[in-house]
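>>> no sequence for this one, just the structure:
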């Protein structure tokens, strides 16, 4: 069987605790890239090697290699970053990267455009600010999501703590990160024992999200493990556990599919919840497919084993039975824009950030504004799973100061002026840096949304909360498969057009038409908006309407 | 030995004789002695006069001549010692009897680097050379305004110091062989007293070479800026196709730039000089436009020209480098006659040399150059260097005139020798030629390249080619220094220090070292570092300098710096 392992499996096994030859790769003076095998390992350290695809041809003419750079992604469980850490991140972004701080769809931030020579200084500077990028990419548990807005529930703080606990529980044991990037001395010749990941790590990436009903802002069913907080009598009773969510597919590969998580039971305590989460990873570690990366995610393992068998294997490992799942209801999948107040009287402001890109631009000077707020230590920041930012835990006496800064930098004006459809939209990075992209993502989305806004206004639908998501490939970073209107890139300027997903995030959309260009997309939407306006039932949402029309 | 009366007669004769007469007598006597002892003496009698031939060379022409001269002298019984001027002990000058120097001129009237110390020494004036007899052979290129200037300076200065001039200075143009040989034969004649003892009147026939520079009419087939966005540099890679082109790696090409038509139009407008009117410039008739476009240097003109302009224009002008257009704007010349007069004092455009960065073995029929666009500030405005500005504006398909300027010094060693190449910036050019050559010929010696620039991502000249040579093993080692990619500056010499151990092993194994790029400060810093490394590995400090000097002498440390 061993010879059927994928190449990356072999790289992991031979990596000596994720070290590989990264140090040698860094020393190579002839190239800005790192060795191919090390690129797979680098992901476990929170980085992707990318290159500016727009510049390939011109640089080849200049006898220069591709413009290689690195993307680095931080580990921020639940998306929380403290004010002084933000000041540091802002400085690091300016000094070593493109200067744009990108909020991801997994509640963290990433910097693009770091050259090889800048990686170590960047990681050192992050370390000084107590920030790290461990395990934010790669075949390992990634950044843990959690509903972030403190005003969402009185139990938000208690639930939020789980994100950090789970993140710590599932960290790799290797010291490679500290040795390679922070010059920590290697103490033992032997590679560290890692009872969870062993020497193989997971067969594929692994995502965990926590949601607090009634808001499914973290898209909990799209995660390998979704934890749904159950509140009874004003207390946190425990978590329903959903397994096997995941959106990525491959065009033309029938074996691949998007899947929403299956709720398999309930755990009442911290101990049982953490134990269940941990052992779900060990089941995936031992049963996941390591011969084909396209079908290696937990969703395929669950379906191959069958949900009941999977649950039985899990219970054999935890030593306890899962309790029956508790009832719950999601009624929204949204961010609470503007000011909200929590029970402890502190205030929280959610600002809209187009494409999650924090940079001073035409719309506003959000980067300068956030820096000013952070320097004033007026609160802390949470990133949402929809790539927006919450300025959280602002004391009542500081609210006015924050308000003034928000207004001075046109952050509040811009948030207020942005349409519902734009606020609910999301696109992935795609071109020019993402190696997987088949079509444009975030560079294209703003202009497409503007055209859709015009169509909606034509039918007086601009108040509708419709979730529109676009990705440059079928891997679904921006979760396009679980939106009411989804666009999945197939080729430059062309997208598969998906309809029928719901607003709350229980139901996937489906491909309605393939390979449409913009004109065809707008033509389709014009027809559907007209039909929706004329034929929708009272309170019927667009996603449910199209589902009823097309797939029911 | 002599009887008193004979001795007195001889002494009287000697006292009344001029130096030339003495030399003649010396030769004459030698001849008689030689004849009388014909049976016992070798066929060619020795002349005891000490002749030193000292050369200062940049591209190897002077050295080659010096060696030819010595061989030629030997055939005529004159023993001549050949010395490189950078190795010459300056105090020996006062002890010399006959001192011949072959000196080329570079740039704006400068001596070769190797002759700089000697040149400065004779200009010190603190001593007398009354016993010395000398003659100067000056090499140059008449397309430069200060043709053979370094040779002239040395000739004049030796006279000032009281030395006797054996023969007037001979100034030679690019086709120097014939004149040089004729001059040397004259020297030998005077040394041997008019009778060449062995081969009188039978000087070896001079191989007549094609005269002058051979100009090629090339076509630009590739023209691109190697630097990427964000760079402070513009370095052009230019590929020129030319029929029957011949050169060797290490050579340069010379290009005579043209002035930009915008500037010419402005000048013609300001002076209202008729476009088509003709002017006699140094014996040839040219239209004003042709003259200004193709022949005359009108940008960044030297002070000596500005001075002459001031006289003709009748203005007080501070002597400083100036553009003609600026002068005409600030200090107008009103009459056409004056304008014509002024044009005649302008100097010709001098050719600029660029190291060839290709090998005919790899790319037959093509010559490649690597040109850094040179910009500088004049009166607070950014200006482009004439030649690099001219070259940077070329387009693919356009034609260009050039000639090959050989550099006999800068040659690859035997195929099995190791080569260390230190070439930051455009200093990479001849090494690209070397590597292409060695790759094509399958040379077995190892190659190690040191390259440096400002930024890795935008300034790594020929990166993909270097990567490929590294992958195929043509390059055994590459060390790069990008000065501005980290908090502290890193240069090629720092990389040499980093690799000093291996470098010393290569040197011990007989590696040849080549250095190309900017003279100041790069070449000085690299040489300093080289000495430091020699010291680190066992040589005492004076010893290390000697080792370097010896390596230079033996052609194992070769520089082409500018």
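In hand now; what should we look at? Here the structure is a predicted model, which means the values were calculated and not measured.

>>> Which per-residue confidence value corresponds to residue 550?
Reading this off chain A. Listed pLDDT for residue A:550 reads 96.

>>> was after chain B, sorry
At residue B:550, the model reports a pLDDT of 90.

>>> cool, the one 5 residues further on as well?
If you check residue B:555, the pLDDT there is 91.

>>> before we move on, what about residue B:343?
Per the predicted model, pLDDT is 89 at residue B:343.

>>> tell me the contacts of it?
Each residue near residue B:343 by C-beta atoms under 8 Å, 6 or more residues apart in numbering or on different chains is listed here: B:279, B:281, B:288, B:291-292, B:296. Heads up, the C-betas are built off the backbone N, CA and C, glycines and all.

>>> Show me the residues you listed that map onto strands.
Those of these mapping onto strands are B:279, B:281, per DSSP state E.

>>> Dihedrals phi and psi, the residue in the stretch 251-400 of chain A positioned nearest to chain B?
Nearest residue of the stretch 251-400 of chain A to chain B, counting by C-beta to the nearest C-beta: residue A:359, 18.4 Å away. Dihedral pair for residue A:359: phi -160, psi 150, per degrees, to the nearest 10.

>>> wait, which of the contacts of residue B:343 is closest to residue B:146?
Proximity of the contacts of residue B:343 to residue B:146 (C-beta to C-beta) peaks at residue B:296, which lies at 15.5 Å.

>>> What sits closest to that closest one if chain neighbours are left out?
Once flanking residues are discounted, residue B:296 sits nearest to residue B:346: 4.4 Å by C-beta to C-beta, 6 or more residues apart in numbering or on different chains.

>>> and that neighbour, how many neighbours?
Residue B:346 has 20 neighbours, counted by other C-beta atoms under 10 Å in any protein chain shown.

>>> before we move on, back to that, how many neighbouring residues does the residue of the stretch 251-400 of chain A closest to chain B have?
Every residue meeting other C-beta under 10 Å relative to residue A:359 is counted, giving 19.

>>> From residue B:477, how far out is it?
42 Å (C-beta to C-beta, to the nearest Å).

>>> Chain B contacts on the stretch 1-150 of chain A?
Residues of the stretch 1-150 of chain A lying near chain B by C-beta under 8 Å from any C-beta of the partner chain: A:29-32, A:55, A:59-65, A:67, A:115, A:117.

>>> Any stretches of the chain with poor pLDDT?
I'll assume chain A. Applying pLDDT under 70 to chain A flags residues A:1-3, A:188.

>>> try chain B instead
Residue ranges of chain B with pLDDT under 70: B:1-5, B:19-20, B:23-24, B:27-48, B:194-212, B:378-379, B:539-541.

>>> Looking at chain A, which residue is nearest chain B?
Of all residues in chain A, the one sitting closest to chain B is residue A:29 (4.4 Å; C-beta to the nearest C-beta).

>>> Next up, the contacts around that residue.
Applying C-beta under 8 Å, 6+ apart, we find residue A:29 in contact with B:478-480.

>>> Please identify which residue in the stretch 451-562 of chain B comes closest to chain A.
For the stretch 451-562 of chain B, C-beta to the nearest C-beta, closest residue to chain A: residue B:480, 4.4 Å.

>>> mind listing what residue A:216 touches?
By C-beta under 8 Å, 6+ apart, residue A:216 lies in contact with A:330, A:332-333, A:504-505.

>>> repeat that with 10 Å
A:147, A:209, A:222, A:226, A:228, A:328-334, A:385, A:482, A:503-506 (C-beta atoms under 10 Å, 6 or more residues apart in numbering or on different chains).

>>> can you check residue B:240 too?
By C-beta under 10 Å, 6+ apart, the neighbours of residue B:240 are B:216-223, B:253, B:255, B:356, B:358, B:365-369, B:394, B:399-400, B:402.

>>> For chain A, tell me which of those residues show up nearby.
Under the cut-off given by C-beta under 10 Å from any C-beta of the partner chain, chain A has residue B:222 from the contacts of residue B:240 close to it.

>>> Among the contacts of residue B:240, which ones are in helices?
Among those, the subset assigned to helices under DSSP state H is empty.

>>> What are the boundaries of the helices in the stretch 401-550 of chain B?
B:429-441, B:456-459, B:463-472, B:492-498, B:500-508, B:524-536, B:541-553 (DSSP state H, counting those that start in this stretch).

>>> any chance of those helices in a markdown table, with mean neighbour count too?
A markdown table is the format used below for the helices of the stretch 401-550 of chain B (neighbours: other C-beta atoms under 10 Å in any protein chain shown):
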| stretch | mean neighbour count |
| --- | --- |
| helix B:429-441 | 23 |
| helix B:456-459 | 22 |
| helix B:463-472 | 17 |
| helix B:492-498 | 20 |
| helix B:500-508 | 16 |
| helix B:524-536 | 18 |
| helix B:541-553 | 15 |
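
>>> Make TSV from those helices and add distance to residue A:5 to it.
Shown next, in TSV, are the helices of the stretch 401-550 of chain B (distance: least, C-beta to C-beta, whole Å):
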stretch	distance to residue A:5
helix B:429-441	39
helix B:456-459	36
helix B:463-472	28
helix B:492-498	40
helix B:500-508	39
helix B:524-536	49
helix B:541-553	56
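
>>> Compare those helices and give me the one nearest residue A:425.
When the helices of the stretch 401-550 of chain B are compared by C-beta to C-beta, helix B:456-459 sits nearest residue A:425, at 33.9 Å.

>>> Do the closest one and chain A come into contact?
Yes. In terms of C-beta under 10 Å from any C-beta, part of helix B:456-459 sits within range of chain A, namely B:456-459.

>>> mind listing what residue A:522 touches?
Listed by C-beta under 10 Å, 6+ apart, the contact set of residue A:522 reads A:448, A:451-452, A:454-455, A:516.

>>> The residue nearest the centre of chain B: what secondary structure?
Nearest residue to the geometric centre of chain B (C-alpha atoms, centre = their mean): residue B:58, 3.8 Å. Assigned with DSSP: H, G, I helix; E, B strand; the rest coil, residue B:58 falls in the coil class.

>>> So it sits against residue B:114, correct?
Yes. Assessed by C-beta atoms under 10 Å, residue B:58 is found in contact with residue B:114 at 7.1 Å.

>>> overlap in contacts of the two?
Residues touching both residue B:58 and residue B:114 by C-beta under 10 Å, 6+ apart: B:104, B:409, B:559.

>>> top of those residues by neighbour count?
Neighbour counts for those, by other C-beta under 10 Å, peak at residue B:104, which reaches 28 neighbours.

>>> Make sure that one is actually in contact with residue B:140.
Yes. Residue B:104 lies in contact with residue B:140 (C-beta under 10 Å); the separation is 6.6 Å.

>>> Are there residues contacting both of those two? Which ones?
Residues touching both residue B:104 and residue B:140 by C-beta under 10 Å, 6+ apart: B:148, B:150-151, B:172, B:176.

>>> In contact with the closest residue to chain A within the stretch 101-250 of chain B, which residues?
Using C-beta to the nearest C-beta, residue B:226 is the residue of the stretch 101-250 of chain B that sits closest to chain A, at 5.4 Å. Contact analysis of residue B:226 by C-beta under 10 Å, 6+ apart lists A:61-64, B:233-237, B:370-372, B:426, B:428, B:453, B:458-463.
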